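K.L.:
sequence? don't have it. structure:
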């Protein structure tokens, strides 16, 4: 298809007339190139709709449990997630997405791909087992290895996308020293007489606020574990789409409605929220915790 596209552009160039073109005149080569891009985009979208999107409603089993949870069970109603799909529509053929809804989903899903480095795409790395190189996923592992047929289909699709249009900007790196000196202390210091973060988030798969084993200071290993876990809940460079900052934020202040615990911040103007948001944007580092 790519060769055909180049041939089409080349043929139009040969038969085009020579000379200057006015600013308002559309050249045949421009029209042909636009048509080619449109055709490629349509093919990529059609492949997504026929092969990728159906995976989101496929029943999944939760780790170490019986169940049939699918991606849409979390990725439609939890709107604070970066991967937030449209609510499905009931039709005569059952529940599904309309073409218009699929187009919106496509825009969301393609933000999770990296055509320049396909295997680094979050769409591939999040559902992949950590043992196989995945990033960890609170919804569980769907693929035990990169040989999984589903993984290969998604990889094939990402590899077909144009690099120039589907390569994300580099994300800032979160500073570990700031985490170990400032963020961890926040976990064990409650506000307004509420429970501390550690009361609910100290252990388990999503235990991003582990307690120090000796009761006073975290070891390097303990701190690293918490640092690794917290990054599953953060979108580097984007505080307002990071669940870690939205869950404890009051809904009236722009926070998530889906937090079972207390609200640590009433608004984004809270100095502590602002300090942590700056860290997520890559603007804070070192051991200074001043707000």
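P.N.:
Looks like it came in fine. Keep in mind that what you see is a predicted model, and the values were worked out from it rather than measured. Numbering: from 1, shown residues only.
K.L.:
Please report how far residue 195 lies from residue 260.
P.N.:
11 Å (C-beta to C-beta, to the nearest Å). Bear in mind the C-beta positions are built from the backbone N, C-alpha and C, glycine included.
K.L.:
ok, now residue 143?
P.N.:
Distance, residue 143 to residue 260, using C-beta to C-beta: 29 Å.
K.L.:
What of residue 169?
P.N.:
Distance, residue 169 to residue 260, using C-beta to C-beta: 34 Å.
K.L.:
Quick one: mean pLDDT for stretch 220-228?
P.N.:
Stretch 220-228 shows a mean pLDDT of 90.
K.L.:
what distance separates that stretch from the centre of its chain?
P.N.:
Distance of stretch 220-228 from its chain centroid, counting by C-alpha atoms, centre = their mean, to the nearest Å, is 22 Å.
K.L.:
Report the central residue of this structure.
P.N.:
The residue lying closest to the centre of the chain (C-alpha atoms, centre = their mean) is residue 82, at 4.6 Å.
K.L.:
Assign a three-state SS to that residue, would you?
P.N.:
Judged by DSSP: H, G, I helix; E, B strand; the rest coil, the three-state class of residue 82 is coil.
K.L.:
hang on, it packs against residue 123?
P.N.:
No: counting by C-beta atoms under 8 Å, residue 82 stays clear of residue 123, with 10.6 Å between them.
K.L.:
Now the common contact residues for these two.
P.N.:
The contact sets of residue 82 and residue 123 overlap at residue 112 (C-beta atoms under 8 Å, 6 or more residues apart in numbering).
K.L.:
and the nearest residue to residue 218 once chain neighbours are set aside, how many neighbours does it have?
P.N.:
Residue nearest to residue 218 in three dimensions, not counting chain neighbours: residue 212, with 4.5 Å by C-beta to C-beta, 6 or more residues apart in numbering. Applying other C-beta atoms under 10 Å, we find 14 other residues in the vicinity of residue 212.
K.L.:
Enumerate every residue touching residue 212.
P.N.:
218-219, 222.
K.L.:
Switch the residues you listed over to a markdown table, and while doing so, append neighbour count and distance to residue 58 to every line.
P.N.:
Output for these, formatted as a markdown table (neighbours: other C-beta atoms under 10 Å; distance: C-beta to C-beta, whole Å):
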| residue | neighbour count | distance to residue 58 |
| --- | --- | --- |
| 218 | 19 | 40 |
| 219 | 11 | 41 |
| 222 | 17 | 37 |
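K.L.:
of those, closest to residue 267?
P.N.:
Ranked by distance to residue 267 (C-beta to C-beta), these are led by residue 218 at 29.8 Å.
K.L.:
which of residue 143 and residue 260 has more neighbours?
P.N.:
For residue 143 versus residue 260, neighbours defined as other C-beta under 10 Å are more numerous around residue 143 (18 against 6).
K.L.:
which stretches of the protein aren't confidently modelled?
P.N.:
Scanning the chain for pLDDT under 70 picks out the ranges 1-30, 32-36, 61-68, 77-81, 205-206.
K.L.:
what domains does the record give for the chain?
P.N.:
30-160, 176-280 (automatic domain parsing).
K.L.:
Of those, which is nearest residue 288?
P.N.:
Smallest distance to residue 288 across these (C-beta to C-beta): 7.9 Å, for domain 176-280.
K.L.:
Span of the closest one from start to end?
P.N.:
From its first residue to its last, domain 176-280 covers 11 Å (C-alpha to C-alpha, to the nearest Å).
K.L.:
With stretch 156-167 instead?
P.N.:
Stretch 156-167 stretches 16 Å from its first residue to its last (C-alpha to C-alpha).
K.L.:
What are the buried residues along that stretch?
P.N.:
For stretch 156-167, a neighbour-count test (16 or more other C-beta atoms under 10 Å) marks 157-158, 160-161, 166 as buried.
K.L.:
Equivalent analysis for stretch 196-215, please.
P.N.:
Across stretch 196-215, burial judged by 16+ other C-beta under 10 Å covers 196-198, 201-202, 207-211.
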